[in-house]
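K.L.:
A structural model of the following input is requested.
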Amino acid sequence: MCDTAGASFSYRQDVSSTVIRFERPGAQATVAEDGADAEPKTPAVADADAAWGASLGKLGKSKRKAMELAAANGTVSTGALVESAQITRRAASAALKRLSERGLLEWVGKNAHDPGQFYRLPNDDRFIS
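P.N.:
Down below sits the predicted model:
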């Protein structure tokens, strides 16, 4: 979708946030939430940003946290989500499974009892920079 729109995709993480950014040449200026000048965005890129934010906004707190961890680290495990979202192991496992069923995350492991199993963003054009 980015190639079709002529946009580039990047993300960065700092201690307290993950920023996902779509850019396209010939854009309009906007102001970031913190009041700092943001990079200019075209209406198409702004619409894509809004759609991504809206789709994440529809997720519950633990599912949003799982997606943030996957975007920031490349993977997310049940244990990592338990620690980060401060939820039970059962709730973390259920959240990750639902994200996988919706195609937002992809499960990787040998079997259901594999101690090294994890989830990652699907390997498709939606998530490649």
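K.L.:
going forward, measure contacts and count neighbours with C-alpha atoms only.
P.N.:
Noted.
K.L.:
Would you mind splitting this structure into its domains for me?
P.N.:
Using automatic domain parsing, the domain parsing of the chain gives 2-57, 61-127.
K.L.:
lowest-confidence stretch among those?
P.N.:
Comparing mean pLDDT across these, the weakest is domain 2-57, with a mean of 61.
K.L.:
for this protein, what spans make up the strands?
P.N.:
8-14, 17-23, 75-76, 106-108, 118-120 (DSSP state E).
K.L.:
Would you reformat those as TSV and include mean neighbour count and distance to residue 63?
P.N.:
Below are those laid out as TSV (neighbours: other Cα atoms under 10 Å; distance: least, Cα to Cα, whole Å):
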stretch	mean neighbour count	distance to residue 63
strand 8-14	13	18
strand 17-23	16	15
strand 75-76	22	11
strand 106-108	18	14
strand 118-120	21	12
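K.L.:
Redo those as a markdown table? Include distance to residue 85.
P.N.:
Listed next are the strands of the chain as a markdown table, based on distance: least, Cα to Cα, whole Å:
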| stretch | distance to residue 85 |
| --- | --- |
| strand 8-14 | 17 |
| strand 17-23 | 14 |
| strand 75-76 | 12 |
| strand 106-108 | 19 |
| strand 118-120 | 16 |
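K.L.:
Good, wrapping up.
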